[in-house]
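# just the structure for this:
(2 chains)
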2 protein chains.
Amino acid sequence: MRRIFLGLEYDGTAFAGFQRQARGERTVQGVLEEALSKIPGALPKVVAAGRTDAGVHALEMIVHYDTEDTVPTERVPQALNTLLPPDVRALWAREVPQGLHARKSARWRAYRYRLFNRAEPSALLRNYALWVPTPLDLSALEEATRHLIGEHDFAAFATREKRGTVREIYAAKVRPVGEEVWLEFVGSGFVRGQVRGMVGSLLSVAEGKQRPEWIKELLESKDRAQAGPTAPPQGLYFLAAGYRPWPATRVP
Amino acid sequence: MRRIFLGLEYDGTAFAGFQRQARGERTVQGVLEEALSKIPGALPKVVAAGRTDAGVHALEMIVHYDTEDTVPTERVPQALNTLLPPDVRALWAREVPQGLHARKSARWRAYRYRLFNRAEPSALLRNYALWVPTPLDLSALEEATRHLIGEHDFAAFATREKRGTVREIYAAKVRPVGEEVWLEFVGSGFVRGQVRGMVGSLLSVAEGKQRPEWIKELLESKDRAQAGPTAPPQGLYFLAAGYRPWPATRVP
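Predicted coordinates:
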């Protein structure tokens, strides 16, 4: 039995999220497991580095599955892409030791949130960025973002979880890109809803409704009710995950 | 009666092109005229600077219509956006002299074609760029592109038209943008199919299948059968059009 790690890009627009749903909605896991079920010898059961909600995209989600198929590993992406719908693409495949686990072995995960910041709305980006017509105060946004770096209890920004809400953010960047502003986070892991929760409150700062220190106060409050609204899903991208002894994956 | 010029952005993916079809397919003109028909006093008849085929996008299409409505011109975009589907957005509106005509008065038009140039296909760009896995020879591409600048008979690249196939290209640029290469053309006007026809043949040069001088030979041949295939629609964007005495529009 070989274990295969796969890099996947997907457009989350037409998916009810990554994770298979009881009610049979269209999910990334569902279409991927259906594709694997057509490869003789592959176990149609995948585990992902992270979950993404409905409408959230991935530039390089990492998943693993086990297989006894005879497809050479370097041909797996092409074989899978003939079986997958066009809004999911396999980018690469790599055989890894059985002990490596896409979720449990991930040392870091990275997300990007795209803000589209101009007066007029966009038809082309409606599913791929959040439109913010108010001019953003980038230096306040940067100052606010720095408060998130480090180990914190992110209860104020996330849905409570069995495994608790303490996580570590290693890096957080504000990147102006043309008419957009990208917020990028690299961390040990993220609680469900955390990135969108942080972005919602950071936006209140960038729009001048709150001071940058408010983010620090929210962290200390651990109170979801005091924070800003959750940013909508279409601006969010799962960027990459990292494993040891592996080198970092392609993005970023 | 006032004449209004409108700047429009649209995502061409779910449209059967700009122009209204006899068979009732969904077109940009159709949804725009339907929206205008809900504004009392506006004539639901629009004229565009250029036509776009099914799947082709626009960052700033210019259209005009006539109206006796009472909506202040600066509020027109917002009013229209509440009536339009989300894949068409009105960006701006301006009252112009009755003599100005979105098609006949346009002095120049600009198009962009996006090539997505990496080994792996993209889920997110499948409707927004042409995937080209072969590494592109940018200097050959630039040399080939320069042959297109100037006044030429573009019969080798386009569908024949009543108004002939002689046009002038004022500027043509090759722009590497991350993993993409953008081909941009500014010209007096473009024959139907011309930009996609030129891009199809330029790609044969960039992929090393033809020499750059082949583009010059094709122009001289005036023979559509000798040129390369027509590039598919999803990589093409109508960028902008220019009018006098008007300043150039926002893009590019």
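# the spatially closest residue to A:A49 that is not a sequence neighbour pairs with what?
What sits nearest to A:A49 in space, not counting adjacent residues and going by Cβ to Cβ, 6 or more residues apart in numbering or on different chains, is A:A241, at 3.8 Å. Backbone N, C-alpha and C define where each C-beta goes, glycine included. Here A:A241 sits in beta bridges with A:R109, going by DSSP bridges.
# just give me the neighbour total for A:A241.
Close neighbours of A:A241, defined as other Cβ atoms under 10 Å in any protein chain shown, add up to 28.
# could you double-check that it lies in contact with A:S105?
No - A:A241 sits out of contact with A:S105 when judged by Cβ atoms under 8 Å, with a separation of 9.2 Å.
# average pLDDT for the longest helix along chain A, rounded please.
Counting residues, the longest helix found in chain A (DSSP state H) is helix A:194-206. What helix A:194-206 shows for mean pLDDT is 97.
# which residues of the stretch 1-150 of chain A lie near chain B?
Counting by Cβ under 8 Å from any Cβ of the partner chain, the stretch 1-150 of chain A comes close to chain B at A:9-11, A:57, A:59, A:77, A:81, A:86-89, A:91-92, A:120-124, A:126, A:128.
# just the buried ones from those, in PyMOL syntax?
The buried residues among the residues of the stretch 1-150 of chain A next to chain B can be selected in PyMOL (16 or more other Cβ atoms under 10 Å in any protein chain shown) with this line:
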select buried, chain A and resi 9+10+11+57+59+77+81+87+88+89+91+92+120+121+122+123+124+126+128
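# from the residues of the stretch 1-150 of chain A next to chain B, which land in strands?
By the criterion of DSSP state E, membership of the residues of the stretch 1-150 of chain A next to chain B in strands covers A:E9, A:Y10, A:H57, A:L59, A:V88, A:R89, A:L91, A:W92.
# how about the contacts made by the residue located most distally from the centre of chain A?
The outermost residue of chain A, judged against the average C-alpha position, is A:T70 (31.6 Å), by Cα atoms, centre = their mean. The neighbourhood of A:T70, defined by Cβ atoms under 8 Å, 6 or more residues apart in numbering or on different chains, consists of A:G41.
# and A:E25, how many neighbours?
Each residue near A:E25 was counted by other Cβ under 10 Å, and the total is 12.
# the spatially closest residue to it that is not a sequence neighbour: what secondary structure?
The spatial neighbour of A:E25 that comes closest, neighbours along the chain excluded (Cβ to Cβ, 6+ apart), is A:A16 at 3.7 Å. The assignment at A:A16 comes out as coil when based on DSSP: H, G, I helix; E, B strand; the rest coil.
# for the ones in strands among the residues of the stretch 1-150 of chain A next to chain B, work out which two are farthest apart.
A:H57 and A:W92 (17.9 Å; Cβ to Cβ).
# pretty sure A:H152 sits against A:L218.
No - the pair A:H152 and A:L218 fails to qualify as a contact (Cβ under 8 Å) at a distance of 10.0 Å.
# mind checking which of the two has more residues around it?
Taking neighbours as other Cβ under 10 Å, A:H152 and A:L218 compare with A:L218 leading, 26 against 19.
# who does the closest residue to A:I169 other than its chain neighbours form a beta bridge with?
In this structure, A:I169 finds its nearest non-sequential neighbour in A:G187, 4.2 Å apart by Cβ to Cβ, 6+ apart. According to DSSP bridges, A:R109, A:I169 are recorded as the beta-bridge partners of A:G187.
# so how far is A:R146 from A:G187?
To A:R146, A:G187 is 14 Å away according to Cβ to Cβ, to the nearest Å.
# more neighbours: the two, which one.
With neighbours defined as other Cβ under 10 Å, A:G187 and A:R146 compare such that A:G187 has more, 23 against 14.
# domain parsing for chain A?
When chain A is parsed with automatic domain parsing, its domains come out as A:2-105, A:108-240.
# dump these into CSV; add distance to B:W182 as well.
As requested, those are arranged in CSV below (distance: least, Cβ to Cβ, whole Å):
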stretch, distance to B:W182
domain A:2-105, 20
domain A:108-240, 13
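# so which of those gets nearest B:Q194?
With Cβ to Cβ as the measure, domain A:108-240 is the member of the domains of chain A nearest B:Q194 (22.7 Å).
# list the contacts of the residue nearest to A:A49.
Taking Cβ under 8 Å, 6+ apart as the contact definition, A:A241 lies against A:A49, A:G50, A:E60, A:M61, A:I62, A:A102, A:A106, A:W108, A:R109, A:A110, A:T249.
# local confidence estimate at the nearest residue to A:S221 once chain neighbours are set aside?
In space, and not counting its chain neighbours, A:S221 is closest to A:A156: 5.6 Å by Cβ to Cβ, 6+ apart. For A:A156, the model assigns a pLDDT of 95.
# okay but A:A156 is in contact with A:K216, surely?
No - A:A156 sits out of contact with A:K216 when judged by Cβ under 8 Å, with a separation of 10.5 Å.
# which one of these two has more residues nearby?
The neighbour count for A:A156 versus A:K216, taken as other Cβ under 10 Å, is higher for A:A156 (24 against 15).
# how about A:T159, what does it touch?
Taking Cβ under 8 Å, 6+ apart as the definition of contact, the neighbours of A:T159 are A:V191, A:R192, A:G193.
# now do the same for it: helix, strand or coil?
Reduced to three states by three-state DSSP, A:T159 is coil.
# against B:R126, how distant is it?
As for A:T159, its distance to B:R126 is 32 Å (criterion: Cβ to Cβ).
# next one: A:Q210
Distance, A:Q210 to B:R126, by Cβ to Cβ: 39 Å.
# check A:Y113 too.
Distance of A:Y113 to B:R126, computed by Cβ to Cβ: 22 Å.
# state the pLDDT value of A:T70.
pLDDT, A:T70: 86.
# now it: phi and psi?
Listed backbone geometry of A:T70 is phi -110, psi 10, with angles given as degrees, to the nearest 10.
# relative to A:R114, how far out is it?
41 Å.
# most proximal residue of the stretch 151-252 of chain A with respect to chain B?
Here the stretch 151-252 of chain A gets closest to chain B at one residue, A:Y237, 8.6 Å apart by Cβ to the nearest Cβ.
# does A:H152 count as helix, strand or coil?
Applying three-state DSSP to A:H152 yields a three-state assignment of strand.
# just after the longest helix of chain A, pick out the following helix or strand.
The element immediately downstream of helix A:194-206 (helix or strand, assigned by DSSP states H and E) is helix A:213-221.
# for that following helix, name the packing helices and strands.
Packing contacts for helix A:213-221, counted by 3 or more Cβ pairs under 8 Å, 6 or more residues apart in numbering or on different chains; DSSP states H and E, involve helix A:138-146, helix A:194-206.
# touching the shortest one from outside, list them.
Residues outside helix A:138-146 that contact it (Cβ under 8 Å, 6+ apart) are A:172-174, A:176, A:181, A:183, A:202, A:205-206, A:208, A:211-212, A:214-215.
# just give the closest residue to A:R114, not the sequence neighbours.
Distances taken as Cβ to Cβ, 6+ apart place A:A129 nearest to A:R114, at 3.9 Å, with adjacent residues excluded.
# you'd agree the one you found is up against A:R118?
No - applying Cβ under 8 Å, one finds A:A129 not in contact with A:R118, separated by 10.7 Å.
# who has more neighbours, these two?
Under the criterion of other Cβ under 10 Å, the comparison of A:A129 against A:R118 puts A:A129 first, with 22 against 15.
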